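1. below are the sequence and a predicted model for it; my questions follow.
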Amino acid sequence: MRFLIPPRTILEREGTFSAGTQTTVASVHDSDRIPVRGLIADLGACSCSARLTRDTQSARIVVRRDKSVRDPEGYRISIRPDRVTVRSGTDAGAYYGIQTLRGLVRNEGTSLECMEIDDRPALARRGFYLDCSRGKVPTVGTVKQLVERLAHWKLNELELYVENVFTFTGHPEIGVGFSPFTPEDIREIGEHCRLHHVRLVPSLTSLGHFEKILMLPGYEDLGELPGYGDLPGGTTLNPLDPRSVALLADLYSEFLPLFDADDFNACGDEPWELGQGRSRERAEEVGVGRVYLDFIMKIRALSLAHGKRMNMWGDIVLKHPEIIPEIPPEVVLLNWDYSPNGSMMTRTGEFVDAGLPLVCCPGTHGWQSHGTRLRTSMRNIHQFAGIAVDSGAEGLLNTDWGDGGHRNSLGVSLHGMAYGAAASWNHASTPGPESDEFTQAFCRDTFGDAGGRLTPVLTTIGDDDYHNWAYHAIIESVQGPEGFGRGFARARPLIGEVKLSDDELRRKIDVASGLEVPEGDSNLEGFEQTALREFGLANSMNRAAARRVLIARAVRAGGRPDAPTLAAHEEELAAIRDELERLWTVRNRPSRLADSLTGFDQALAEVRELRGH
């Protein structure tokens with residue numbers, strides 16, 4: 001792949017353009033300064049000293065506005081022996097054209113084959129959804145660095161999933177101990193997004209996944225079924241209690257005005273207890289679907305009061321399809337499904353037939369995984385992007401969750417983010433999920449891996465065989481089915497469900513032990529260098545999880561693992577614990593790091609006890 005994000009049409013021409021050791025880049029538009037500076041930096045990495053000028057007559061590389069480029073995000077690039085010209089009708093189009101040119105320079109240097117590129121996106125909304133509420137809250141600096149990478153891949157929307165990680169002045173108890181964002185943080189992130197043509201769309205849980213608020217004193221009584229899941233207020237708001245709507249009105253009034261975007265994701269997904277507790281009598285009378293719809297209409301009214309078009313996850317609507325005809329035509333359904341050929345994915349047509357605005361939502365599969373389920377993620381993204389294009393959806397929103405304490409790192413999800421970007425920009429030309437072609441291009445573009453050393457490393461670390469058991473097994477007791485950790489970071493006991501044989505697990509350990517994650521190109525920025533360290537940590541975690549399953553099988557069968565095995569496991573767990581803490585603090589706030597570290601401390605204590613230390 002010459003381009004990580006493939007353009008729509010490329011017409012090759014005779015000749016070569018050479019920037020030489022010195023060149024000029026011209027634009028009369030101040031809005032082009034940020035992307036042009038990126039291009040100048042890339043030229044500099046290729047030993048070409050470039051400077052920005054407003055002289056479009058003599059410059060070798062020129063960025064122009066051209067009203068004949070009608071798509072608001074489209075652009076044309078003409079590479080000829082004497083000059084490179086980027087044409088667009090808008091600032092956003094110019095930005096994306098420059099990103100394509102940057103990709104060429106990074107991969108081919110200062111001598112570019114002549115060609116004509118005519119490009120525009122397949123989908124209008126091309127988004128990324130980052131979970132910030134399951135234990136890990138990124139720093140503002142990390143989010144800003146991420147925004148620059150997303151924009152380089154031509155994504156134009158970012159949503160930060162918020163349950164309780166915001167400082168609400170009217171409800172100061174919410175978010176305490178979770179390192180929440182402040183209004184100033186959101187404004188700073190929003191301004192950076194605007195500079196890079198990314199819409200920052202608010203997302204706030206509004207029905208289910210409310211447990212972190214409902215567990216607070218004074219809020220438990222708002223729960224649909226207090227005590228559900230051993231949680232004081234359960235996980236779901238009581239949809240019949242006027243105080244639930246009043247609480248959301250308070251939260252919306254502080255949160256939504258911070259965002260310029262017209263859309264708002266009110267979530268509304270997975271209200272597990274709905275119709276089973278305080279709304280049970282009403283649900284038995286009119287149906288659970290009606291109870292859900294009535295509540296959704298109330299939060300729609302709150303959204304409209306702030307000038308926002310409500311977006312909502314589509315799972316409960318598909319569970320109760322009888323309510324589809326009554327959903328207002330401006331409400332956007334976010335149809336999520338993380339399984340290739342999943343049941344909700346294949347039912348997308350029900351929203352299309354109803355004429356409802358639609359966004360399709362696959363995932364990176366970074367959650368409950370150390371290295372992502374890479375091939376499953378690519379299948380999920382590629383298939384759902386195709387459905388989005390074929391069904392006329394507004395866009396694709398690629399999700400990255402943090403279930404189970406959010407030990408999974410941002411760096412290992414970058415591959416899935418980029419694949420989602422490519423598929424939403426030009427699905428027809430994005431390599432299919434069974435090929436390594438995209439992964440090779442990703443490693444080349446992101447880490448400067450021109451030799452292809454990283455591709456087998458990423459695919460091995462992202463081996464689907466690790467599924468989600470490895471994420472939990474690494475901190476599960478080897479003596480019995482008990483998960484270590486604390487609070488929402490407590491592991492699920494899954495060792496007993498691992499299907500791999502002892503020999504297969506030993507082979508996983510051998511492969512992981514022989515795997516070396518390269519340090520990367522010397523020109524790499526710190527963001528990508530940290531990502532490579534995160535891949536190294538993921539590999540160590542996979543190996544430790546496989547070894548722990550073998551130890552647990554021996555112990556639970558009444559045996560005793562040999563001393564070298566226990567010593568090796570203690571050493572790797574201690575190293576993992578320390579590296580997890582180091583890397584967490586590079587990108588993130590303290591948040592609930594201690595909850596995850598507790599799991600490793602408990603696992604280490606157990607191994608030391610088995611060793612007799």
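-> Here it is on my side, so go on.
2. so the closest residue to Y466 other than its chain neighbours versus G480, what's the distance?
-> With Cβ to Cβ, 6 or more residues apart in numbering as the criterion, Y466 has its nearest non-adjacent residue at 5.5 Å, and that residue is N542. (Each C-beta comes from the backbone N, C-alpha and C, glycine too.) In this view, N542 and G480 are 23 Å apart by Cβ to Cβ, to the nearest Å.
3. who has more neighbours out of those two?
-> N542 (27 against 12; other Cβ atoms under 10 Å).
4. my guess is that one contacts K508. True?
-> Yes: assessed by Cβ atoms under 8 Å, N542 is found in contact with K508 at 7.0 Å.
5. what is in contact with the two at once?
-> 463, 466 (Cβ atoms under 8 Å, 6 or more residues apart in numbering).
6. residue boundaries of the strands in the stretch 351-500 of the chain?
-> Applying DSSP state E, counting those that start in this stretch to the stretch 351-500 of the chain gives strands spanning 358-361, 395-400.
7. which outside residues touch the last one?
-> Contacts of strand 395-400 from elsewhere in the structure, counted by Cβ under 8 Å, 6+ apart, are 123-131, 157, 159, 334, 336, 338, 359-364, 366-367, 381, 384-385, 388, 413, 416-417, 420-421, 423-424.
8. ditto for stretch 556-575
-> Contacts for stretch 556-575 (Cβ under 8 Å, 6+ apart): 474, 478-480, 540, 543-544, 547-548, 550-551, 554-555, 600, 603-604, 607-608, 610-611.
9. and what of stretch 297-316?
-> Residues contacting stretch 297-316 (Cβ under 8 Å, 6+ apart): 201-202, 206-207, 245, 248-249, 252-253, 256-257, 261-271, 274, 289, 292, 296, 328, 330-336, 344, 351, 359, 361.
10. contact partners for R80?
-> With Cβ under 8 Å, 6+ apart, R80 has these contacts: 13, 15, 17, 114.
11. rewinding a little: now the strands of the stretch 351-500 of the chain as JSON lines including distance to R592, mean pLDDT and mean neighbour count?
-> JSON lines is the format used below for the strands of the stretch 351-500 of the chain (distance: least, Cβ to Cβ, whole Å; pLDDT from 0 to 100; neighbours: other Cβ atoms under 10 Å):
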{"stretch": "strand 358-361", "distance to R592": "25", "mean pLDDT": "98", "mean neighbour count": "26"}
{"stretch": "strand 395-400", "distance to R592": "17", "mean pLDDT": "98", "mean neighbour count": "28"}
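12. so of the contacts of stretch 297-316, which ones are in helices?
-> 245, 248-249, 252-253, 289, 292, 296, 351 (DSSP state H).
13. export the residues you listed as TSV, with columns for distance to S279, neighbour count and pLDDT.
-> Shown next, in TSV, are the ones in helices among the contacts of stretch 297-316 (distance: Cβ to Cβ, whole Å; neighbours: other Cβ atoms under 10 Å; pLDDT from 0 to 100):
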residue	distance to S279	neighbour count	pLDDT
V245	13	18	98
L248	16	22	98
A249	19	15	98
Y252	22	21	98
S253	25	14	98
G289	12	20	98
Y292	9	23	98
I296	13	24	98
F351	25	25	98
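14. between which two of those residues is the distance greatest?
-> Spatial extent of these (Cβ to Cβ) is set by the pair S253 and F351 at 29.9 Å.
15. before we move on, back to that, filter the contacts of R80 down to the buried ones.
-> 17, 114 (16 or more other Cβ atoms under 10 Å).
16. domains of the chain?
-> Per automatic domain parsing, the domain ranges recorded for the chain read 9-119, 126-431, 455-611.
17. which of these sits most buried?
-> Each of the domains of the chain was assessed for mean neighbour count using mean count of other Cβ atoms under 10 Å. The highest is domain 126-431, with a mean of 21.
18. could I get the pLDDT score of G520?
-> Looking at G520, its pLDDT reads 73.
19. what does the one 10 residues further on give?
-> According to the prediction, T530 has pLDDT 97.
20. that one touches G411, doesn't it?
-> Yes: taking contacts as Cβ under 8 Å, T530 lies within contact range of G411: 6.1 Å.
21. looking at the contacts of R80, which are in strands?
-> Among the contacts of R80, the ones falling in strands (DSSP state E) are 13, 15, 17, 114.
22. so which strand or helix has the closest residue to R453 other than its chain neighbours?
-> Nearest residue to R453, sequence neighbours excluded (Cβ to Cβ, 6+ apart): P518, at 5.5 Å. P518 belongs to no helix or strand when assigned by DSSP states H and E.
23. quick one: contacts for P518?
-> 447, 449, 453-454, 457, 532.
24. what separates G514 from G411, distance-wise?
-> 21 Å.
25. mind naming the longest helix for the protein?
-> helix 526-556.
26. starting at the chain centroid, how far to it?
-> Relative to its chain's centre, helix 526-556 lies at 21 Å (Cα atoms, centre = their mean, to the nearest Å).
27. am I right that L130 is in a strand?
-> Yes: under DSSP: H, G, I helix; E, B strand; the rest coil, L130 sits within a strand.
28. I'd like the ones in helices among the contacts of stretch 297-316 laid out as a markdown table, including distance to I461.
-> A markdown table is the format used below for these (distance: Cβ to Cβ, whole Å):
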| residue | distance to I461 |
| --- | --- |
| V245 | 46 |
| L248 | 41 |
| A249 | 45 |
| Y252 | 41 |
| S253 | 44 |
| G289 | 42 |
| Y292 | 40 |
| I296 | 40 |
| F351 | 36 |
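29. closest to E220 out of those residues?
-> Distances from E220 to the ones in helices among the contacts of stretch 297-316, taken by Cβ to Cβ, are shortest for L248, at 16.7 Å.
30. distance check, the closest one against W336.
-> Counting by Cβ to Cβ, the gap from L248 to W336 is 22 Å.
31. what of E609?
-> On the measure of Cβ to Cβ, E609 and W336 end up 43 Å apart.
32. please tell me how far R134 sits from H171.
-> Using Cβ to Cβ, one gets 20 Å for the distance from R134 to H171.
33. make that G371, sorry
-> Distance from G371 to H171, by Cβ to Cβ: 38 Å.
34. state the distance from the nearest residue to G89 once chain neighbours are set aside to R194.
-> Spatial nearest neighbour of G89, excluding adjacent residues (Cβ to Cβ, 6+ apart): V69 at 4.3 Å. V69 sits 22 Å away from R194, going by Cβ to Cβ.
35. check the secondary structure at L160 for me.
-> Per three-state DSSP, L160 ends up strand.
36. so it sits right up against V143, yeah?
-> Yes: between L160 and V143 there is a contact under Cβ under 8 Å: 7.4 Å.
37. rewinding a little: list the contacts for the residue nearest to Y466?
-> Residues in contact with N542 (Cβ under 8 Å, 6+ apart) are 370-371, 461, 463, 466, 470, 508, 512.
38. can you read off the pLDDT for it?
-> 98.
39. and it, how close does it get to W367?
-> When N542 is compared with W367 (using Cβ to Cβ), they lie 15 Å apart.
40. same question, C361
-> Taking Cβ to Cβ as the measure, C361 falls 14 Å from W367.
41. what's the spacing between stretch 47-55 and its chain's center?
-> That offset, for stretch 47-55, works out to 35 Å (Cα atoms, centre = their mean).
42. would you mind writing the CA trace of it as CSV?
-> Output of stretch 47-55 as CSV, limited to C-alpha atoms (Å, rounded to 0.1, in the frame of the first residue of the first chain):
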residue,chain,number,x,y,z
SER,A,47,17.0,16.0,4.9
CYS,A,48,15.0,18.6,3.0
SER,A,49,14.9,22.1,4.6
ALA,A,50,11.5,23.6,3.8
ARG,A,51,10.0,26.9,4.8
LEU,A,52,6.4,28.3,4.6
THR,A,53,5.7,31.2,2.4
ARG,A,54,2.7,33.1,1.0
ASP,A,55,4.3,33.3,-2.5
